[in-house]
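K.L.:
Could you look at this predicted model? Sequence included:
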Amino acid sequence: MKQYILNVMCRSLEWEKREEIAACVSRGYGVIVLDKDPIAYAGFNVDHFISCDVTDVEGAMSLALSYISKHGLAIAGVVGWTDTGVYLVAQLALELGLPGTHPDKVAAVKDKVETRKLLEMVEGANPSYRIGHTVADLEDAILSVGVPCILKYPGASGGRGIIKIDDEPDDINALYIRFRSLCDPSKDAVFKHQLSQFLVEKQVRGSEHSIAGMVYKGKVTILAIVDKQVEPQVGYQYRNSLPSGLPILVQNQMCEIARKAILKSGTESCGFHVDIMVENNIPYVLEIGGRLGGECINSHIIPMASGNAVKPYEMLIDIVTGKDVTFDEDYRTRLTRPACMLSLYSTRYGRITAMHGLDTCRELPGVKSVLQVRKVGDTISPPSEKYNALVYAHVLMTHDSLPALEKATDHLRHTVMADVTSTQV
């Protein structure tokens, strides 16, 4: 009897979505997808599509279980690819008796308030922080933590729901209103949880990094430490690259923090990512996610850097199906080839009137693939209005050396352009 992997909301980027589905197929399974829009999966190798809102955990679970029963489908594993689906994945895995994180443990890696509480047990992981609900709480938190600080929405990821506060605000009420407007669930489903709480944290200034890994049968596997580059004007992360350029002692300290945090969280049989800021060689945890990180880190960058010897997506399918497999504790030494994904973006907002350089970009040394995600007539918008809406193309690259890769990515950022109208949106 054919067995299926229940995929809870694949990632929106075509490159990642294709690899997520391909990983199921390569391991011999059929593909079931839970998501809202079946049109977004047209042309992909999907056997069954269950249309639902994955943020409505009870409703989506009822629909999924009813569909599975009606069609007599054998489910071998449940996997989630986005933060939005983490709660639903846990509930479905429990209900179907399959490997996964227990629902009671999900909040530790989904709710940043609970993450901060968890990290109190991991020495040195937390920056100074305060938790609040009201305008008065916000004022007290900023006074306690001090400026510069960051105001955060507890349930979001990828830089969404964050306001940087560099100076003491003149109007706390206006700041609070701005924050609540930014975290509007109608703009992004990621804002549907933890509506009332917020975090104020010390603003750590340094380099950003992400630890990719998996946890299986109580053992933590480190896949990679990825270096990030962030656009300072809007705080948008536009590049992920391997191998990391951090000193090895700092890397090892980061991995030790990640291992302790994941084990204390109680997450199980899943991928994870731990985002970290390093200031003066001291690492501080920004967030923990109970699923593999995105931005092509696990779908493309790690495989490219390892010469396809390390394939996180296929490893994850083995985990969620409970295969009798053993993974190394650390795969960093296998990632010897420079590799990155570069997102090409504009901080001028409006409608795209022309695009230049993409054809030339495809011919450049080291460029493996180019994915255009916006065309002439589309709108470039700030991340505060729509996440990723300032990006018009993504580029996957590798090169013989890190300096060459750095030079090539800088060249691309300045020569591949999208012209937009001056009309602000």
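P.N.:
Received, thanks. Numbers count the residues shown, from 1 in each chain.

K.L.:
okay, and for the stretch 301-425 of the chain, where does confidence drop off?
P.N.:
Low-confidence segments of the stretch 301-425 of the chain (pLDDT under 70): 422-425.

K.L.:
just the helices in it please.
P.N.:
302-305, 312-320, 358-362, 402-415 (DSSP state H, counting those that start in this stretch).

K.L.:
who wins for proximity to residue 209 among the ones you listed?
P.N.:
Comparing those against residue 209 with C-beta to C-beta, the closest turns out to be helix 302-305 (14.2 Å). For every residue, glycine as well, the C-beta is placed using N, CA and C.

K.L.:
buried stuff in that closest one?
P.N.:
302-305 (16 or more other C-beta atoms under 10 Å).

K.L.:
now do stretch 217-226
P.N.:
Within stretch 217-226, judged by 16+ other C-beta under 10 Å, the buried ones are 220-226.

K.L.:
Of these, which is the nearest to residue 152?
P.N.:
Nearest member of these to residue 152, counting by C-beta to C-beta, is residue 226, at 21.3 Å.

K.L.:
now, which of the buried residues of helix 302-305 sits nearest residue 379?
P.N.:
Of all those, residue 379 sits closest to residue 304, with 31.4 Å by C-beta to C-beta.

K.L.:
Leaving out sequence neighbours, find the closest residue to that closest one.
P.N.:
Using C-beta to C-beta, 6 or more residues apart in numbering and skipping the chain neighbours, the partner closest in space to residue 304 is residue 339 (3.8 Å).

K.L.:
Contact partners for the one you found?
P.N.:
241-242, 300-302, 304-305, 396-398 (C-beta atoms under 8 Å, 6 or more residues apart in numbering).

K.L.:
Would you mind measuring from it to residue 241?
P.N.:
7 Å (C-beta to C-beta, to the nearest Å).

K.L.:
between the two, what contacts are shared?
P.N.:
What both residue 339 and residue 241 touch, as defined by C-beta under 8 Å, 6+ apart, is the set residue 301.

K.L.:
Give me the next element, helix or strand, following the helix or strand hosting residue 118.
P.N.:
Using DSSP states H and E, residue 118 sits in helix 112-119. Moving toward the C-terminus from helix 112-119, the next helix or strand (DSSP H and E) is strand 129-132.

K.L.:
Name the residues that touch that following strand?
P.N.:
Contact with strand 129-132 is made by 113, 116, 137-138, 140-141, 144-145, 197-202, as judged by C-beta under 8 Å, 6+ apart.

K.L.:
Pull out the buried members of those.
P.N.:
Buried among the contacts of strand 129-132 by 16+ other C-beta under 10 Å: 113, 116, 137-138, 141, 145, 197-202.

K.L.:
which two in these are spaced the farthest apart?
P.N.:
197 and 202 (17.9 Å).

K.L.:
Mind naming the longest strand for the protein?
P.N.:
Taking DSSP state E as the criterion, the chain has its longest strand at strand 219-231.

K.L.:
what angle do that one and helix 312-320 make?
P.N.:
140 degrees (axes from the mean of the first three to the mean of the last three C-alpha atoms, to 10 degrees).

K.L.:
continuing past strand 219-231, what's the next helix or strand?
P.N.:
With elements assigned by DSSP H and E, the helix or strand that comes after strand 219-231 is strand 236-242.

K.L.:
what packs against whichever helix or strand comes after that next one?
P.N.:
Where DSSP H and E defines the elements, the next helix or strand beyond strand 236-242 is helix 248-265. Applying 3 or more C-beta pairs under 8 Å, 6 or more residues apart in numbering; DSSP states H and E, one finds that helix 248-265 contacts helix 107-110, helix 112-119, strand 207-216, strand 219-231, strand 270-279, strand 282-289.

K.L.:
for the record, mean pLDDT for helix 248-265?
P.N.:
Averaged across helix 248-265, pLDDT comes to 96.

K.L.:
Restrict that helix to CA atoms and write it as CSV.
P.N.:
Only the C-alpha atoms of helix 248-265 are listed here, as CSV (Å, rounded to 0.1, in the frame of the first residue of the first chain):
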residue,chain,number,x,y,z
ILE,A,248,35.9,28.4,15.4
LEU,A,249,35.8,29.0,19.2
VAL,A,250,32.8,31.3,18.7
GLN,A,251,31.1,28.8,16.4
ASN,A,252,31.6,26.0,19.0
GLN,A,253,30.1,28.2,21.7
MET,A,254,27.1,28.9,19.5
CYS,A,255,26.6,25.2,18.8
GLU,A,256,26.8,24.4,22.5
ILE,A,257,24.1,27.0,23.3
ALA,A,258,21.9,25.6,20.5
ARG,A,259,22.3,22.0,21.7
LYS,A,260,21.4,22.9,25.3
ALA,A,261,18.4,25.0,24.2
ILE,A,262,17.0,22.4,21.9
LEU,A,263,17.3,19.6,24.4
LYS,A,264,15.7,21.7,27.2
SER,A,265,12.9,22.8,24.8
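
K.L.:
who touches it?
P.N.:
Here helix 248-265 makes contact (C-beta under 8 Å, 6+ apart) with 105, 108-109, 118-119, 121-122, 124-125, 209, 211, 213, 215, 218, 220, 222, 225, 244, 246, 272, 274, 276, 278, 281, 283, 285, 288, 290, 330, 332.

K.L.:
low-scoring pLDDT stretches of the stretch 101-250 of the chain, where are they?
P.N.:
Across the stretch 101-250 of the chain, residues meeting the criterion (pLDDT under 70) sit at 155-159, 187-195.

K.L.:
what helix or strand does residue 58 sit in?
P.N.:
Assigned by DSSP H and E, residue 58 belongs to helix 57-71.

K.L.:
From the chain's centroid, how far away is that helix?
P.N.:
Relative to the centre of its chain, helix 57-71 is centred 26 Å away, using C-alpha atoms, centre = their mean, to the nearest Å.

K.L.:
do stretch 131-138 as well
P.N.:
With C-alpha atoms, centre = their mean, you get 27 Å for stretch 131-138.
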